[in-house]
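Chemist: any chance you could fold what I've pasted below:
(chains A and B)
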Amino acid sequence: MAKRTKINTLLNSPEPIDDVLVKGWVRTRRDSKTFSFIEVNDGSCLKNIQVVADGSLGNYEDVKKITTGSAVSIQGKLVASQGKGQHWELIATQVNLIHMAPEDFPLQKKRHSDKFLRSIAHLRPRTNKYGAIFRIRSELSYAIHHFFKQRDFRYIHTPIITSSDCEGAGELFRVTTMPLDNLPLKDGKPDYLNDFFGKETGLTVSGQLAVEMFALSLGDVYTFGPTFRAENSNTSRHVAEFWMVEPEMAFCDLEGNMDLGEEMIQDLCGTILQNCKEDIELFARFVDKSLMKTLEGIINSSFVRLPYLEAVDILKHSNKKFEFKIKKGMDLQSEHERYLTEEHFKKPVIIYDYPKDIKAFYMRLNDDGETVAAMDVLVPKIGEIIGGSQREERLSVLEQRIAETALSKDTYWWYLDSRRFGSVPHSGFGLGFERLLMLLTGVSNIRDVIPFPRTPNSIEF
RNA sequence: UCCCCAGUAGCUCAGUCGGCAGAGCAGAUGGCUGUUAACCAUCGGGUCCGCGGUUCAAGUCCGUGCUGGGGAGCCA
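Modeler: Prediction:
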C-alpha cells in the first residue's frame, strides 16, 4: 500500500502518479448519474484535491452518502484533470470512510460569519479562511526565529511565572496554590509567606526585564512567548493571553531600536507574502481588498519617524475634529494615532521621544529632562504594533525614576544590579504577534488570529 | 468599566403601518453523462434570546436581564 501523501505535495507534482494515498476531510460532494466528485482537504494547503469516484467502485452506494465533514482515505491515480478548475485530480481506485460526520456538522459549504465560527472555535480551523490564518501563524513564528537567527540574536526563554508586578505593564493574573475558600490571612491580607513561592506571584505581562539581563551578557537577544494581561479590555485589538516578540540589544540606542523594528516588520511581511502566497491571496480577495497595496507599501517604503512634539504639532494644525483635543504632554489617543498613520502619512509611523510622565520608569531620560527615549510603531487600522525604548542605563537616574513613580527599590535589586556592573546603553521593544498577523491578513478582530482566544468572560475552549 | 448596535429555522438573512412565521443554503428522498459553494424536483425543520408590561392582537412598541459585536480607556 502506498504511503500517505499530503495534498499540497500532490498538487505540486510535476507528473502523473500511478498509485497514491490521500487522507483528509470532505468539503463537498457532487454527484452525477454514474460517478461523484469529492473535494478533499487535509489542511496541508488551501486547495482541495478533486477526487473522481466512479460508479464501478464496490462501495459506490456508500460513497454517495459521504457527507461534508467526513474523514476519508482514498487510494488512486493522480492524473491531469479533464475539468477546468484544477490541474490534477485523483481517480479513486478505493474510497474508505474513516469516519462519517452526521448531518448536524455545523460547517457548511458556504461562508459563515466570524461570530458564528468563534462560537465553534474547535472546528473553525477546518474552514478555508481559518486554515489559512493558522498556516500563516505557523509560518510567521518560524520567520521570526529565522529573522533573528540571521542576525545572530539568541533566543531566551523568559519565565512565565513572575514575582509581583515588577514589569509594570498592566494587571496581573494571580498564580497561587493557596486555598481561595480558606485564604490564610495576616493583618487582613493574604499571607503570601504561606504560598508556594513564599511571595505574591503572577503570570508574566512582559519578558523585558528578564531579557535585558541576557542582552547585558549575550549581546543581542529576544524572547517570544505567551504574555498575560488581566485588563478588562473589550476591543478588537486586545486579548488576555497573547504572544509577544521582545528583542533586546546591548550597545544600541533608540535609533538602532527603530531600525530593527522597521526592518523586522518589513522583512516579515516580505517573507510571508512570498511563503504564503496562496493563503494571503484569499485574504486579499475576501477579507481586505486593499491588503496587497498595504503590504507592498510597508515593504517598499520607509516608515515615517516623528518626534512626539512634531506629532502634536501636526495634530494641532490638522483640520480634523477630534473628540479629545490634543495637548502637549498628553498621551496620543487612538483617534490621533489613526489620523497620523491612516490619513496624514498613509503608512507606518514611528513616534518617539515621549513626555516622561506618560511612560514607564525604565525608559532612558533624554537630555532635556522632559522626554524619554521611547518609541511606538503605529500602523494603519491596528494602531500600536510595537512599543519600545532605549533603557535607562545610569544607575542614579534609574533610582531617581523609581523613586518618582513610588515603586519599591527593593523589588528591583537585581534589575538595578545590572546598572552597577558594566552597565551599557541598550534598547528593545515588544511586538504584538497577533497584531502583526492582523496586519498581514487584514483580519480586523484579534480573536480571529489566535486559536482559542481568551477575553473577559470568555474561555469556553 | 463607559457609550452605541444587534439577537427570527442547523447557517445567512427578509419580515412593510402592530394583524396567519418567510426565502436561500444545509439535511432527507428522487432525478441528472465531467462537476467546481454543481444543477432540478419534493419533503421535514421555529422557545422569533429570557422575563415583565402596553394592546382585542407583539417577531414588531416599552422596561429589564443575558449574550454577542463596534467604539473608548488600558496596551502588544
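
Chemist: so for the top strand by length along chain A, what's the average pLDDT?
Modeler: If each strand of chain A is counted by residues according to DSSP state E, the longest one is strand A:17-31. In this model, strand A:17-31 has an average pLDDT of 92.

Chemist: name the residues of it that are buried.
Modeler: A:17, A:20-29 (16 or more other C-beta atoms under 10 Å). Any C-beta I mention is one placed from the backbone N, CA and C, and that applies to glycine too.

Chemist: packing partners of that strand?
Modeler: helix A:7-11, strand A:35-41, strand A:49-54, strand A:71-80, strand A:88-99 (3 or more C-beta pairs under 8 Å, 6 or more residues apart in numbering; DSSP states H and E).

Chemist: what residues does the longest one touch?
Modeler: Okay, so that is strand A:88-99. Contact with strand A:88-99 is made by A:10-11, A:13, A:16, A:19-20, A:22-23, A:38, A:40, A:49-54, A:57, A:59, A:62-63, A:66, A:70-83, as judged by C-beta atoms under 8 Å, 6 or more residues apart in numbering.

Chemist: and for A:Glu392, the neighbour number?
Modeler: Other residues within reach of A:Glu392, judged by other C-beta atoms under 10 Å, total 25.

Chemist: could you verify my assumption that it touches A:Glu399?
Modeler: No. Checked against C-beta atoms under 8 Å, the pair A:Glu392 and A:Glu399 is beyond contact range at 9.6 Å.

Chemist: how about the helices and strands packed on strand A:17-31 in TSV, adding mean neighbour count and mean pLDDT?
Modeler: Below are the helices and strands packed on strand A:17-31 laid out as TSV (neighbours: other C-beta atoms under 10 Å; pLDDT from 0 to 100):
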stretch	mean neighbour count	mean pLDDT
helix A:7-11	18	95
strand A:35-41	20	91
strand A:49-54	21	92
strand A:71-80	18	93
strand A:88-99	17	92
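
Chemist: RNA strand B is nearest to which of those?
Modeler: Closest of the helices and strands packed on strand A:17-31 to RNA strand B is strand A:35-41, at 3.6 Å (criterion: C-beta to the nearest atom of the strand).

Chemist: kindly calculate the angle that that closest one makes with strand A:71-80.
Modeler: Angle, strand A:35-41 to strand A:71-80, by axes from the mean of the first three to the mean of the last three C-alpha atoms, to 10 degrees: 110 degrees.

Chemist: quick one: is stretch A:380-398 near RNA strand B?
Modeler: Yes. Residues of stretch A:380-398 are located near RNA strand B by C-beta under 7 Å from any atom of the strand, namely A:383-387.

Chemist: follow-up on the earlier one: distance to RNA strand B added to the helices and strands packed on strand A:17-31, as a markdown table?
Modeler: A markdown table is the format used below for the helices and strands packed on strand A:17-31 (distance: least, C-beta to the nearest atom of the strand, whole Å):
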| stretch | distance to RNA strand B |
| --- | --- |
| helix A:7-11 | 13 |
| strand A:35-41 | 4 |
| strand A:49-54 | 5 |
| strand A:71-80 | 8 |
| strand A:88-99 | 5 |
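
Chemist: need those in JSON lines with distance to A:Val379, can you?
Modeler: Below are those laid out as JSON lines (distance: least, C-beta to C-beta, whole Å):
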{"stretch": "helix A:7-11", "distance to A:Val379": "31"}
{"stretch": "strand A:35-41", "distance to A:Val379": "32"}
{"stretch": "strand A:49-54", "distance to A:Val379": "37"}
{"stretch": "strand A:71-80", "distance to A:Val379": "40"}
{"stretch": "strand A:88-99", "distance to A:Val379": "39"}
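
Chemist: now the closest residue in space to A:Phe251 that isn't next to it in sequence: how far from A:Phe283?
Modeler: Leaving aside its chain neighbours, A:Phe251 sits nearest to A:Val424 (5.6 Å; criterion: C-beta to C-beta, 6 or more residues apart in numbering). The gap separating A:Val424 from A:Phe283 is 42 Å, by C-beta to C-beta, to the nearest Å.

Chemist: please say which of the two ends up with more neighbours.
Modeler: Per other C-beta under 10 Å, whichever of A:Val424 and A:Phe283 has more neighbours is A:Phe283, with 22 against 13.

Chemist: and the pLDDT for the closest residue to that one other than its chain neighbours?
Modeler: In space, and not counting its chain neighbours, A:Phe283 is closest to A:Thr441: 4.6 Å by C-beta to C-beta, 6+ apart. You'll see A:Thr441 listed with a pLDDT of 95.

Chemist: over to A:Thr441: give its phi and psi.
Modeler: phi -110, psi -20 (degrees, to the nearest 10).

Chemist: separation between it and A:Ala284?
Modeler: 9 Å.

Chemist: give me the common contacts of these two.
Modeler: What both A:Thr441 and A:Ala284 touch, as defined by C-beta under 8 Å, 6+ apart, is the set A:Leu291.

Chemist: these two: which is more packed in?
Modeler: Neighbours were counted for A:Thr441 and for A:Ala284 using other C-beta under 10 Å; A:Thr441 has more, 27 against 17.

Chemist: who does A:Lys91 bridge with?
Modeler: I think there's a mix-up here, since residue A:91 is Ile and not Lys. A:Val52, A:Lys77 (DSSP bridges).

Chemist: what about the closest residue to RNA strand B within the stretch 101-250 of chain A, which SS state?
Modeler: RNA strand B sits closest to A:Lys110 of the stretch 101-250 of chain A, with a gap of 2.0 Å, by C-beta to the nearest atom of the strand. Put simply, A:Lys110 is coil when judged by DSSP: H, G, I helix; E, B strand; the rest coil.
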